[in-house]
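In: take this sequence and fold it.
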Amino acid sequence: MKPWSRGDTVVVRNIARSDGGVSAALAAIAIADDDEALALYIPAGTVAKDNYVVADRVASVGTVPPSRARAFVDRVWQLPTIRLYLPETGFSVWLFFGRDDRFASWYGNLEAPYRRMPIGVDVQDHALDVVADANGRWAWKDEAEFARRLEAGLDTAEHQAAVRAAGRDFIARLERREPPFNRGWPEWRAPERWLPRALPAGWDADFGTSWRRRDRS
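Out: Numbering: from 1, shown residues only. All right, here's what the predicted structure looks like:
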(Lines give C-alpha, C1' and ligand atoms only; values in the text may rest on other atoms or scores of the structure.)
Protein backbone atom coordinates (compact mmCIF):
# COMPACT_ATOMS: atom_id res chain seq x y z
CA MET A 1 0.00 0.00 0.00
CA LYS A 2 1.25 3.49 -0.79
CA PRO A 3 2.34 5.78 2.08
CA TRP A 4 -0.21 8.09 3.65
CA SER A 5 0.10 11.77 2.73
CA ARG A 6 0.22 14.61 5.21
CA GLY A 7 -3.33 15.50 6.29
CA ASP A 8 -4.89 12.17 5.30
CA THR A 9 -7.40 10.55 7.64
CA VAL A 10 -5.93 7.29 8.97
CA VAL A 11 -8.12 4.88 10.94
CA VAL A 12 -6.37 3.11 13.83
CA ARG A 13 -8.09 -0.06 15.03
CA ASN A 14 -7.27 -2.43 17.86
CA ILE A 15 -7.88 -6.07 16.99
CA ALA A 16 -8.93 -8.39 19.82
CA ARG A 17 -6.58 -11.33 20.36
CA SER A 18 -9.54 -13.49 21.39
CA ASP A 19 -11.39 -13.58 18.07
CA GLY A 20 -9.82 -11.14 15.63
CA GLY A 21 -12.68 -8.63 15.87
CA VAL A 22 -12.29 -4.86 16.16
CA SER A 23 -12.31 -3.81 19.83
CA ALA A 24 -11.45 -0.11 19.43
CA ALA A 25 -11.10 2.43 16.61
CA LEU A 26 -10.49 6.11 16.02
CA ALA A 27 -9.66 8.44 13.14
CA ALA A 28 -6.24 10.12 13.25
CA ILE A 29 -4.48 12.56 10.91
CA ALA A 30 -1.28 11.67 9.07
CA ILE A 31 1.73 13.85 9.86
CA ALA A 32 4.31 11.79 7.96
CA ASP A 33 4.78 8.27 6.68
CA ASP A 34 8.33 7.17 5.93
CA ASP A 35 10.84 4.40 6.64
CA GLU A 36 11.33 5.56 10.24
CA ALA A 37 7.73 5.89 11.40
CA LEU A 38 4.11 6.44 10.56
CA ALA A 39 3.39 9.62 12.54
CA LEU A 40 -0.23 10.40 13.38
CA TYR A 41 -1.98 13.24 15.21
CA ILE A 42 -5.12 12.83 17.32
CA PRO A 43 -6.78 16.15 18.21
CA ALA A 44 -8.49 16.57 21.57
CA GLY A 45 -12.20 15.90 21.12
CA THR A 46 -11.71 12.96 18.74
CA VAL A 47 -14.45 10.38 19.36
CA ALA A 48 -13.23 6.78 19.56
CA LYS A 49 -15.26 3.58 19.47
CA ASP A 50 -14.40 1.10 22.21
CA ASN A 51 -15.61 -2.30 23.45
CA TYR A 52 -12.29 -3.32 25.01
CA VAL A 53 -12.43 -5.76 27.95
CA VAL A 54 -10.26 -5.01 30.99
CA ALA A 55 -8.78 -8.22 32.37
CA ASP A 56 -9.20 -7.14 36.00
CA ARG A 57 -12.95 -7.63 35.48
CA VAL A 58 -12.66 -11.04 33.87
CA ALA A 59 -13.25 -14.14 36.01
CA SER A 60 -12.10 -16.60 33.34
CA VAL A 61 -11.53 -16.89 29.62
CA GLY A 62 -15.02 -18.32 29.20
CA THR A 63 -16.63 -15.17 30.60
CA VAL A 64 -15.18 -12.92 27.87
CA PRO A 65 -17.82 -12.35 25.16
CA PRO A 66 -16.48 -12.23 21.59
CA SER A 67 -15.51 -8.72 20.51
CA ARG A 68 -18.01 -8.91 17.65
CA ALA A 69 -20.82 -9.48 20.17
CA ARG A 70 -19.93 -6.54 22.43
CA ALA A 71 -21.57 -3.11 22.08
CA PHE A 72 -19.33 -0.17 21.22
CA VAL A 73 -19.35 2.95 23.36
CA ASP A 74 -18.06 6.40 22.43
CA ARG A 75 -15.00 7.68 24.27
CA VAL A 76 -13.76 11.24 23.75
CA TRP A 77 -10.00 11.72 23.41
CA GLN A 78 -9.14 14.37 26.01
CA LEU A 79 -5.59 15.51 25.13
CA PRO A 80 -3.80 16.27 21.86
CA THR A 81 -1.63 13.27 21.03
CA ILE A 82 1.05 12.24 18.56
CA ARG A 83 1.42 8.53 17.85
CA LEU A 84 4.55 7.13 16.21
CA TYR A 85 4.21 3.65 14.71
CA LEU A 86 7.62 2.11 14.08
CA PRO A 87 8.00 -0.69 11.50
CA GLU A 88 8.28 -4.19 12.97
CA THR A 89 8.45 -2.88 16.55
CA GLY A 90 6.60 -4.23 19.57
CA PHE A 91 5.42 -0.83 20.76
CA SER A 92 4.20 2.52 19.48
CA VAL A 93 5.42 5.81 20.96
CA TRP A 94 2.79 8.31 22.05
CA LEU A 95 3.33 11.94 23.05
CA PHE A 96 0.67 13.64 25.17
CA PHE A 97 0.25 17.41 25.27
CA GLY A 98 -1.59 19.40 27.93
CA ARG A 99 -4.51 21.72 27.33
CA ASP A 100 -1.94 24.55 27.24
CA ASP A 101 -0.32 22.76 24.26
CA ARG A 102 2.86 21.99 26.23
CA PHE A 103 4.47 18.57 25.88
CA ALA A 104 3.51 16.54 28.96
CA SER A 105 4.61 12.91 28.69
CA TRP A 106 5.79 9.93 26.69
CA TYR A 107 3.82 6.69 26.51
CA GLY A 108 5.03 3.32 25.31
CA ASN A 109 1.97 1.42 24.12
CA LEU A 110 3.11 -2.21 24.01
CA GLU A 111 1.48 -3.96 21.07
CA ALA A 112 2.15 -6.22 18.12
CA PRO A 113 3.81 -4.48 15.14
CA TYR A 114 1.16 -2.56 13.23
CA ARG A 115 -0.32 -3.80 9.97
CA ARG A 116 -1.60 -1.62 7.16
CA MET A 117 -5.09 -2.02 5.74
CA PRO A 118 -6.98 0.03 3.12
CA ILE A 119 -8.30 2.73 5.48
CA GLY A 120 -5.50 2.81 8.04
CA VAL A 121 -3.65 0.48 10.37
CA ASP A 122 -4.53 -2.40 12.65
CA VAL A 123 -2.76 -2.90 15.97
CA GLN A 124 -3.11 -5.42 18.78
CA ASP A 125 -2.72 -4.08 22.31
CA HIS A 126 -0.85 -6.12 24.93
CA ALA A 127 -2.25 -4.44 28.09
CA LEU A 128 1.10 -3.61 29.74
CA ASP A 129 2.50 -0.15 28.96
CA VAL A 130 5.28 2.24 29.96
CA VAL A 131 4.70 5.88 30.97
CA ALA A 132 7.40 8.55 31.24
CA ASP A 133 7.28 12.22 32.13
CA ALA A 134 8.76 14.97 29.97
CA ASN A 135 12.14 14.45 31.68
CA GLY A 136 12.20 10.73 30.93
CA ARG A 137 11.37 9.35 34.38
CA TRP A 138 9.49 6.16 33.59
CA ALA A 139 7.25 3.53 35.23
CA TRP A 140 5.36 0.42 34.15
CA LYS A 141 1.60 0.89 33.74
CA ASP A 142 -1.30 -1.57 34.11
CA GLU A 143 0.80 -4.31 35.72
CA ALA A 144 -2.22 -5.60 37.68
CA GLU A 145 -4.26 -6.05 34.50
CA PHE A 146 -1.28 -7.69 32.80
CA ALA A 147 -0.90 -10.18 35.66
CA ARG A 148 -4.64 -10.88 35.63
CA ARG A 149 -4.51 -11.76 31.94
CA LEU A 150 -2.00 -14.49 32.75
CA GLU A 151 -4.08 -15.78 35.66
CA ALA A 152 -7.23 -15.84 33.53
CA GLY A 153 -5.53 -17.69 30.71
CA LEU A 154 -5.85 -14.80 28.25
CA ASP A 155 -2.05 -14.70 27.77
CA THR A 156 0.74 -17.27 27.94
CA ALA A 157 3.93 -16.80 29.94
CA GLU A 158 5.93 -16.79 26.70
CA HIS A 159 3.78 -14.04 25.23
CA GLN A 160 4.10 -11.90 28.35
CA ALA A 161 7.88 -12.32 28.43
CA ALA A 162 8.05 -10.97 24.87
CA VAL A 163 5.80 -8.04 25.78
CA ARG A 164 7.97 -7.19 28.79
CA ALA A 165 11.06 -7.31 26.55
CA ALA A 166 9.43 -4.83 24.15
CA GLY A 167 8.82 -2.54 27.13
CA ARG A 168 12.48 -2.73 28.10
CA ASP A 169 13.39 -1.85 24.51
CA PHE A 170 11.18 1.26 24.74
CA ILE A 171 12.85 2.25 28.03
CA ALA A 172 16.35 1.73 26.64
CA ARG A 173 15.67 3.87 23.57
CA LEU A 174 14.14 6.58 25.75
CA GLU A 175 17.09 6.64 28.15
CA ARG A 176 19.66 6.70 25.32
CA ARG A 177 17.61 9.26 23.36
CA GLU A 178 17.60 7.04 20.30
CA PRO A 179 15.07 7.50 17.49
CA PRO A 180 12.31 8.55 17.70
CA PHE A 181 13.11 10.23 21.02
CA ASN A 182 15.71 12.55 19.45
CA ARG A 183 13.61 13.79 16.54
CA GLY A 184 12.07 16.94 18.02
CA TRP A 185 8.54 15.59 18.28
CA PRO A 186 7.84 17.39 21.61
CA GLU A 187 8.18 20.68 19.71
CA TRP A 188 5.87 19.72 16.83
CA ARG A 189 2.47 21.43 16.74
CA ALA A 190 -0.54 20.70 14.56
CA PRO A 191 -1.96 23.23 12.10
CA GLU A 192 -5.01 24.99 13.53
CA ARG A 193 -7.19 23.57 10.76
CA TRP A 194 -6.54 20.00 11.93
CA LEU A 195 -9.75 19.37 13.83
CA PRO A 196 -11.11 16.01 15.08
CA ARG A 197 -11.95 13.55 12.31
CA ALA A 198 -14.91 11.19 12.23
CA LEU A 199 -14.60 7.49 11.52
CA PRO A 200 -15.56 6.75 7.90
CA ALA A 201 -18.24 4.29 6.89
CA GLY A 202 -16.94 0.74 7.00
CA TRP A 203 -14.42 1.43 9.75
CA ASP A 204 -15.22 -1.96 11.35
CA ALA A 205 -14.99 -4.02 8.15
CA ASP A 206 -12.85 -7.16 7.93
CA PHE A 207 -9.83 -6.32 5.78
CA GLY A 208 -8.20 -9.73 6.11
CA THR A 209 -5.28 -8.90 8.39
CA SER A 210 -5.69 -12.45 9.78
CA TRP A 211 -4.52 -11.66 13.32
CA ARG A 212 -6.17 -14.72 14.80
CA ARG A 213 -4.43 -17.14 12.45
CA ARG A 214 -1.02 -15.47 12.65
CA ASP A 215 -0.75 -14.68 16.39
CA ARG A 216 -2.10 -17.19 18.88
CA SER A 217 0.59 -16.80 21.57
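
In: and the gap between the closest residue to V54 other than its chain neighbours and A44?
Out: For V54, ignoring the flanking residues on the chain, the nearest one in space by C-beta to C-beta, 6 or more residues apart in numbering is E145 at 6.1 Å. Bear in mind the C-beta positions are built from the backbone N, C-alpha and C, glycine included. To A44, E145 is 25 Å away according to C-beta to C-beta, to the nearest Å.

In: these two: which is more packed in?
Out: Between E145 and A44, counted using other C-beta atoms under 10 Å, the more crowded position is E145 (17 against 14).

In: that one and V93, how far apart?
Out: For E145, the distance to V93 equals 21 Å [C-beta to C-beta].

In: same thing with R83?
Out: Distance of R83 to V93, computed by C-beta to C-beta: 7 Å.

In: R164 now?
Out: Distance, R164 to V93, by C-beta to C-beta: 17 Å.

In: who has more neighbours out of these two?
Out: More crowded of R164 and V93, by other C-beta under 10 Å: V93, with 25 against 16.

In: and L150, that one's in a strand?
Out: No - applying DSSP: H, G, I helix; E, B strand; the rest coil, one finds L150 to be helix, outside a strand.

In: quick one: pLDDT of it?
Out: The confidence metric pLDDT takes the value 90 at L150.

In: count of neighbours near it?
Out: For L150, using other C-beta under 10 Å, the count is 15.

In: same for the lengthiest helix in the chain, what does it pack against?
Out: The single longest helix within the chain, with elements called by DSSP state H, is helix 157-176. Packing partners of helix 157-176 (3 or more C-beta pairs under 8 Å, 6 or more residues apart in numbering; DSSP states H and E): strand 91-97, strand 103-117, strand 120-133, strand 138-141, helix 143-151.
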